[in-house]
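Peer 1: below are the sequence and a predicted model; questions follow.
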Amino acid sequence: MIPIKIGNVEYAGQHNTGLTFTLDANAVKGDALTQTAAGTAGRGAADAALLGKLVTRESDGLGTVFTRGVIVVPWTGAAVYGLQKVGVDGTGKAKVSASGKECRVLGVADNLAAIDLG
C-alpha cells in the first residue's frame, strides 16, 4: 500500500471505522464533525455534510473520527428516522440538511441521534 501524508498525518492501512484527522481548535470529543480541509475535521459551517463523530483528541491536535458504523451524537431539530441527509450545525451537533450526507438515522431521543454511517 502506498501511503499519503497530509499535514502531519500519514494515511495508509488505517482501520476504516476510525480515521485520524488534524482537528480544528474548537472540536470536542463527542462532537458531530465535518471535513473542513484536506486531512482536517471540525465542527465546520452549518449544513456541511456529516463526516462522523470525534472519539479521541490528543494534545498534538490530532484525533480519531469514526466515519463508519453506528455513532451516537448530539442532535438538533426534529426527531426523524430512516434515510436522511445529515449535516452539522457548526456547534458539534448533527441535523437534517439538504446538503448533508445520506445515511440512516436509527432514531432521535433526548437530543441525541443514533446514525448508521454505513
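Peer 2: Received the coordinates, thanks.
Peer 1: what's the span of stretch 20-38 from first residue to last?
Peer 2: With Cα to Cα, to the nearest Å as the measure, stretch 20-38 spans 12 Å from end to end.
Peer 1: and what of stretch 89-106?
Peer 2: Distance between the boundary residues of stretch 89-106 (Cα to Cα) amounts to 19 Å.
Peer 1: in it, what's buried?
Peer 2: By neighbour count on 16 or more other Cβ atoms under 10 Å, the buried set for stretch 89-106 is 89-90, 92-97, 100-101, 103, 105. Any C-beta I mention is one placed from the backbone N, CA and C, and that applies to glycine too.
Peer 1: same check on stretch 43-52?
Peer 2: Under the neighbour-count criterion of 16+ other Cβ under 10 Å, stretch 43-52 has 43-44, 47-52 buried.
Peer 1: endpoints of that stretch, how far apart?
Peer 2: The straight-line separation of the ends of stretch 43-52 (Cα to Cα) is 10 Å.
Peer 1: ok, the closest residue in space to residue 49 that isn't next to it in sequence to residue 116 distance?
Peer 2: Sequence neighbours aside, residue 101 is the residue nearest to residue 49 in space, at 4.4 Å (criterion: Cβ to Cβ, 6 or more residues apart in numbering). Separation of residue 101 from residue 116 (Cβ to Cβ, to the nearest Å) stands at 11 Å.
Peer 1: do residue 65 as well
Peer 2: Residue 65 is 16 Å from residue 116, where distance means Cβ to Cβ.
Peer 1: which one's more surrounded, the two?
Peer 2: More crowded of residue 65 and residue 116, by other Cβ atoms under 10 Å: residue 65, with 25 against 13.
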